[in-house]
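In: Let me see the structure of the following:
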Amino acid sequence: MSGSIWLLTAVAGLILWYRLPVHPLPKAILVGLVPYLLVFTVSLNLMESRGWEIRASASYLNTLAYLLVLVYWTFAAWRPGEAPVKAPPPAPDPTVDRVAG
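Out: Numbering: from 1, shown residues only. Next up, the predicted model:
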């Protein structure tokens, strides 16, 4: 699990640092999944180290993190798309004679 978190964190870091052109929805999925996996792993490690007494608190923490990820993904999916950039019309060719006759 830790390897997956580190790999996804490295990929997300590279995308954000170098501003790679990634479609907004897969980028949002990646950026939202990394913190959730981190919280999930921390809550599992807390249950392992402290015992089952904190099961309810760890469960609430995990559920809250999951709901925050879902809200983030929902806003990312419903965000209006950016208008495509249109290329300017080509400049007229000065070598072509436009006047016939």
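In: Report the mean per-residue pLDDT for the longest helix anywhere in the chain.
Out: For the chain, the longest helix by residue count, based on DSSP state H, is helix 24-50. For helix 24-50, mean pLDDT rounds to 89.
In: Quick check: next helix or strand after it?
Out: Proceeding N to C from helix 24-50, the next assigned helix or strand is helix 55-78, under DSSP states H and E.
In: in that following helix, what's buried?
Out: Buried residues in helix 55-78, counted by 16 or more other C-beta atoms under 10 Å: 58, 61, 62, 65, 69, 72, 73, 76. All C-beta atoms are positioned from the backbone trio N, CA, C, and that covers glycine.
In: Run the angle between that helix and helix 24-50 for me.
Out: On the basis of axes from the mean of the first three to the mean of the last three C-alpha atoms, to 10 degrees, helix 55-78 is oriented at 180 degrees to helix 24-50.
In: Going forward, count from 480.
Out: Got it, first residue is 480 now, which makes that one helix 534-557.
In: other SSEs contacting helix 534-557?
Out: Helices and strands touching helix 534-557, by 3 or more C-beta pairs under 8 Å, 6 or more residues apart in numbering; DSSP states H and E, are helix 503-529.
In: so how far is the helix it packs on from its chain's centroid?
Out: Distance of helix 503-529 from the chain centroid (C-alpha atoms, centre = their mean, to the nearest Å) equals 13 Å.
In: now the buried residues of helix 534-557 in TSV, with pLDDT?
Out: Output for these, formatted as TSV (pLDDT from 0 to 100):
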residue	pLDDT
537	88
540	91
541	91
544	94
548	96
551	95
552	94
555	92
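In: Between all of those residues, which two are separated the most?
Out: Spatially, the most separated pair among the buried residues of helix 534-557 is 537 and 555, at 26.9 Å (C-beta to C-beta).
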